[in-house]
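Enquirer: here are the coordinates; sequence isn't available:
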């Protein structure tokens with residue numbers, strides 16, 4: 001698998017503010033219904049191979065899940081398929097919430 005970077009919940013707000021990030025939530029629809037990071041694209045992990053071409057290769061793509069395991073798999077897969085700037089949100093949405101990040105419905 002190709003390399004990807006890990007992004008901490010504390011680093012994410014600056015990346016979002018730069019306008020150079022796209023967030024991809026790889027959790028299930030049921031998990032997403034409990035809340036997500038504002039502006040995130042819903043793309044459950046099992047659909048990633050079918051929908052990878054929808055992502056913007058010119059931006060840093062930050063994948064996230066609940067605690068970071070599935071999103072690390074997603075980032076590794078996407079990088080392996082040639083997606084530039086693949087990243088994993090360490091600790092997932094749980095770390096985001098614990099750092100004070102906004103969760104929206």
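Expert: Yep, it's here. Predicted model, so just to flag it, every value in this text is computed and none were measured.
Enquirer: contacting residues for the most centrally placed residue in the chain?
Expert: What sits nearest the mean C-alpha location of the chain, by Cα atoms, centre = their mean, is residue 63, with 1.7 Å. Shown in contact with residue 63 (Cβ atoms under 8 Å, 6 or more residues apart in numbering): 24, 26, 71-72, 74-75, 78, 86-89. C-beta: built from backbone N, CA, C; applies to glycine.
Enquirer: over to residue 58?
Expert: Contacts of residue 58 (Cβ under 8 Å, 6+ apart): residue 84.
Enquirer: now name the helix or strand holding it.
Expert: Assigned by DSSP states H and E, residue 58 belongs to no helix or strand.
Enquirer: show me which residues of the longest helix seen in the chain are buried.
Expert: Secondary structure of the chain per DSSP state H: the longest helix is helix 69-80. For helix 69-80, the neighbour count (16 or more other Cβ atoms under 10 Å) marks 70-79 as buried.
Enquirer: thinking again about what came up before, tell me which two in the contacts of residue 63 are the farthest apart.
Expert: 78 and 89 (13.5 Å; Cβ to Cβ).
Enquirer: between the buried residues of helix 69-80, which is nearest residue 93?
Expert: residue 71 (9.3 Å).
Enquirer: would you confirm that the closest one contacts residue 40?
Expert: No. Taking contacts as Cβ atoms under 8 Å, residue 71 lies outside contact range of residue 40: 11.2 Å.
Enquirer: okay, and the common contacts of these two?
Expert: In contact with both residue 71 and residue 40: residue 64, using Cβ under 8 Å, 6+ apart.
Enquirer: so what's residue 63 bridging to?
Expert: residue 24, residue 88 (DSSP bridges).
Enquirer: nice, that's everything, thank you.
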